[in-house]
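here's a sequence, model it:
(chains A and B)
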Amino acid sequence: MNYQAEPLAIVIFVVFVLAVLFVSYWFAKKAKSSSGYYAAGGNIHWAVNGIAFAGDYLSAASFLGIAGMISLFGYDGFLYSIGFLAGWMVALFVVAEPLKRLGKYTFASAIDAKFKSRGVVLAAAIATLIVSLFYLIPQMVGAGSLITPLLGLPFEAGVVIVGAVVILIVATAGMASTTWVQFIKGGLLVLFSLILTGILLINGFSTKPGTDSVPFTQPQTIELESATPGNIVPADSGLSVIEEYSVNNMTFVKLEKDGYINYWKLESEEGVLAETQSIVNQPGQADLYNGAPKEDGRFYPVGHLSEIYGERDVETGAVGIGGFFEAIKEGTVIRWATQKIVDDDAVITVYYQVPTDGADILTPGEKYKIDPAKGATSASRIDFISLMLSLFLGTAALPHILIRYYTVPTPAYARKSTIVAVAAIGLFYILTLFLGLGAMTHGVIDLTNSNMAAPLLARAFGLGIFALICAIAFATILGTVSGLIVAASGAVAIDLIHRVMKINLSDHKMVLAGRITAVVVGIIAMALGIAFKHMNVGFLVGWAFTIAASANLPAIVMVLFWKRVTAKGVIASIMAGLFVSLIMIMLSPETFSQVYNLPASSAPLPISQPAIFSVPISFLVLIVVSLLTKKTEVSATQA
Amino acid sequence: MEHGQPKQWKTEKSEAYKTKLGIIMFAIFTPIYLSFILVSVLSPSFMAADVGKFNVAIVYGFGIIILAVALAVIYNYICSWKEKGDDVDETNQEGSSS
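Numbering: from 1, shown residues only, chains lettered A, B, ... in the order given. So this is what the prediction gives:
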């Protein structure tokens, strides 16, 4: 879609981001020693740490990705909310305190505490770097998505701005700043999600949901004289079909109406043509949006209820929580799906309407098909189970989540922090369902960007709240990215340089090494963010969880609970988990269609979520290798 | 030699108990989470069944989130209570780990 920069939005946004940077600078003094840089000196109040914890976790993915996915697929986006929160239970109940008792604060050194093995440190540091990178990609994609509607800048500008600001924060201040940054924006994120949900409930639903800031466009239909594919004739003799396309059992026609060439989808049952939205991409020419250049603004925001309680022209007025879900359940939602059409050298992306029963929106199965009656296959059902498994097991294995657990002085404080975090996150995740479904039904969805549903919903309610929400989301990304980069630079600076290469650096040089790493990791993340620009950030984060669950979790759990685990077992398990999950992701249908731009059916693997295979493999490798290497380990310690 | 040592938590007598409690809490929560996955896959129509103005999927999903928060609070409460025992009664070593 075409967006124009709004001065008020820019002012609010810039002021907010500068405030965040000021807070960072303010606490920079605390980062003089390396303990201050990596773990905030261990003197942050548990409640502050708890909200910061929540701030870490409620990344761009939670806010932008989940709401965006819910706005496209309904309940299936909410699966991520459920899984992300459930994952905290593994972290809190099983991993957190025993791991801390090993007495270290990067994942790698904690695992190594038991073995004192350079190989273990190396493997864990590689895992930390890769997981951090995979978690950074969606943050960068989120940043780019935000910048476009807010400042009217291209996607790439957003990625570069976030990268630069974060590198500045991390390289000058370190962890103390990020804890406070996370605290501020974690709190604001929950607060503004509550406000937005409140406005949604007060406004209720309408079959014509437009507002002054985002007017509603009703998709048109064209009556037909003949609806036979191959001979489609509009009733209005002034219109004539230029070309017909038959793809995937659907018929689209190209025709000119009101001076614009656009694409229409044949609805055989009703005997009409339904309006689609299209983007025509032809080499050597500017892209056409609904038959006109982007600047003409013919591409419009979509998503509405065509029927509520069986009525076509109706407003509900204010609804309660129950009424909110009931109106959708008893309504028909107009969702939009995508079809690519190739016409000579032009590639036409057609977005067509899919009237969907509201009851289906509120149950799992629109994205991850699970009902054989609705076209689910074994592969799609395995994908669903695998996704839920990786979300459950991934949290405890994320490097930047574990780090923050160690920034308070006692287990009781760490635990209280975690509970504050779980409560805030739980509330927020419940709100994501309202925000996503709200965006789905309020005519605000930008079909070209699945990550902007929540901020665009805010835009319908006013420019001020839109700018604030964008600023908070942007700060969310800043905070998450800096936390991750600290984790990644910790992995390199402490683990690789100090332990693997056995170079003893002074305290000062250690901090410097961390900062240099932060700059390098930041630049890599920016490049990858631009490469993955079209993907939903929630989905991308799901992959980061998969890799973390496959590479790190078996090692963590077994080191804590199995006495016979050996260093070689841990190394083999981390490498196996990393390798299997990465390869399976690279060969998955989702990667083929979204990243390589190839047909999903040409992917060598049928599933996109590898955790159900990669996690057990990693466990198995750990157990087998540990048992095989047990003797040599024992004799080595005796010798 | 250690760079950036985080705060050392003193070793406490309640450790074994807390580890066990964590496993118990995990054992309570995990089947409920797994059953959500299984019910979704095995009986999608059950997930769509009405529960007043809601349906089973929404109640189940919200329920898992609320249950998780509740379990976390209970876990913290019991752990804190045990840790207090560490400070007050130095000799109660056996009792706290059983």
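
flag the shaky bits of chain B, pLDDT-wise.
Residue ranges of chain B with pLDDT under 70: B:1-12, B:86-98.

residues contacting the residue in it that chain A sits nearest to?
Using Cβ to the nearest Cβ, the single residue of chain B nearest to chain A is B:K53, 3.4 Å away. Quick note: C-beta positions are derived from backbone N, CA and C, even for glycine. Shown in contact with B:K53 (Cβ atoms under 8 Å, 6 or more residues apart in numbering or on different chains): A:322-323, A:325-326, A:329.

again, only using 10 Å
A:319-327, A:329-330 (Cβ atoms under 10 Å, 6 or more residues apart in numbering or on different chains).

list only buried entries from the residues you listed.
Buried subset of these (neighbour count, 16 or more other Cβ atoms under 10 Å in any protein chain shown): A:319, A:323-327, A:329-330.

looking at these, which is nearest chain B?
Distance to chain B, by Cβ to the nearest Cβ, is smallest for A:E326 among these, at 4.0 Å.

surely the closest one meets A:G358?
Yes. The pair A:E326 / A:G358 is scored as a contact, 9.2 Å apart, by Cβ atoms under 10 Å.

overlap in contacts, the two.
Counting by Cβ under 10 Å, 6+ apart, the shared contacts of A:E326 and A:G358 are A:I308.

circling back: any idea which helix or strand carries the closest residue to the residue of chain B closest to chain A other than its chain neighbours?
Using Cβ to Cβ, 6 or more residues apart in numbering or on different chains and skipping the chain neighbours, the partner closest in space to B:K53 is A:G322 (3.4 Å). Element membership of A:G322 [criterion: DSSP states H and E] is helix A:321-329.

I'd like the next helix or strand past that helix.
strand A:331-343.

buried residues in that following strand?
Within strand A:331-343, the residues that qualify as buried are A:331-336, A:339, A:341, counting by 16+ other Cβ under 10 Å.

closest to chain B among these?
Nearest member of these to chain B, counting by Cβ to the nearest Cβ, is A:G331, at 12.8 Å.

which residue ranges of the stretch 1-150 of chain A form helices?
Ranges of helices within the stretch 1-150 of chain A are A:7-26, A:34-39, A:46-57, A:60, A:67-73, A:75-90, A:96-101, A:107-112, A:118-151, based on DSSP state H, counting those that start in this stretch.

other SSEs contacting the fourth one?
It refers to helix A:60. Judged by 3 or more Cβ pairs under 10 Å, 6 or more residues apart in numbering or on different chains; DSSP states H and E, helix A:60 is in contact with helix A:118-151, helix A:463-490, helix A:537-551.

show the subsequent helix or strand relative to the first one.
Per DSSP H and E, the first helix or strand lying C-terminal to helix A:118-151 is helix A:155-172.

output the contacting helices and strands for that next one.
Against helix A:155-172 (3+ Cβ pairs under 10 Å, 6+ apart) you get helix A:7-26, helix A:118-151, helix A:175-203, helix A:463-490, helix A:507-531.

quick one: closest of the ones you listed to chain B.
helix A:507-531 (5.4 Å).

contact partners for the residue nearest to B:K53?
B:51-54, B:58.

how about stretch A:481-498 and chain B, touching?
Yes. Applying Cβ under 10 Å from any Cβ of the partner chain, one finds stretch A:481-498 touching chain B at A:490, A:493-494, A:498.

from one end of that stretch to the other, what's the distance?
24 Å (Cα to Cα, to the nearest Å).

can you get me a residue count around the nearest residue to A:S117 once chain neighbours are set aside?
Once flanking residues are discounted, A:S117 sits nearest to A:A567: 4.0 Å by Cβ to Cβ, 6+ apart. For A:A567, the tally of surrounding residues (other Cβ atoms under 10 Å in any protein chain shown) stands at 24.

who's in contact with A:A567?
Applying Cβ under 10 Å, 6+ apart, we find A:A567 in contact with A:111-112, A:114-121, A:123, A:559, A:625-626, A:629, A:633, A:636.

try 6 Å
By Cβ atoms under 6 Å, 6 or more residues apart in numbering or on different chains, the contact set of A:A567 is A:115, A:117, A:120.

buried subset of those residues as a PyMOL selection?
Burial among the contacts of A:A567 is assessed by 16+ other Cβ under 10 Å; the matching PyMOL selection reads:
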select buried, chain A and resi 115+117+120
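
pLDDT for the contacts of A:A567 - can I get that in a markdown table?
Formatted as a markdown table, the contacts of A:A567 follow (pLDDT from 0 to 100):
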| residue | pLDDT |
| --- | --- |
| A:F115 | 83 |
| A:S117 | 84 |
| A:V120 | 88 |
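
what does chain B have sitting close to chain A?
B:3-4, B:6-7, B:9, B:19, B:22, B:25-26, B:29, B:33, B:37, B:40-41, B:44, B:47-48, B:53-55, B:57, B:61, B:64-65, B:68-69, B:72, B:76, B:80, B:83 (Cβ under 6 Å from any Cβ of the partner chain).

drop anything exposed from the residues you listed.
Among the residues of chain B next to chain A, those classed as buried by 16+ other Cβ under 10 Å are B:3-4, B:6-7, B:9, B:19, B:22, B:25-26, B:29, B:33, B:37, B:40-41, B:44, B:47-48, B:53-55, B:57, B:61, B:64-65, B:68-69, B:72, B:76, B:83.

in helices, which of those residues fall?
In this view, those that belong to helices under DSSP state H are B:19, B:22, B:25-26, B:29, B:33, B:37, B:40-41, B:44, B:47, B:57, B:61, B:64-65, B:68-69, B:72, B:76, B:83.

give me the beta-bridge partners of A:V272?
Under DSSP bridges, the beta-bridge partners of A:V272 are A:E223, A:E267.

give me the neighbour count for it.
18.

tell me if I'm right that it and A:T221 touch.
Yes. Assessed by Cβ atoms under 6 Å, A:V272 is found in contact with A:T221 at 4.5 Å.

the helix holding A:G322 - what's its average pLDDT?
Average pLDDT, helix A:321-329: 95.

roughly how far is it from the heart of the chain?
26 Å (Cα atoms, centre = their mean, to the nearest Å).

what about stretch A:95-110, start to end distance?
First residue to last in stretch A:95-110 (Cα to Cα) measures 11 Å.

look at stretch A:581-591 and report the distance between its end residues.
13 Å.

tell me the buried residues in that stretch?
For stretch A:581-591, by 16+ other Cβ under 10 Å, it's A:581-582, A:584-585, A:588-591.

from those residues, pick the one nearest A:G438.
A:E590 (26.5 Å; Cβ to Cβ).

ok, now how distant is the residue nearest to the spatial centre of chain B from B:I66?
Note on chain B: the residue nearest the mean C-alpha position is B:M25, at 4.0 Å, using Cα atoms, centre = their mean. Going from B:M25 to B:I66 by Cβ to Cβ, to the nearest Å gives 15 Å.
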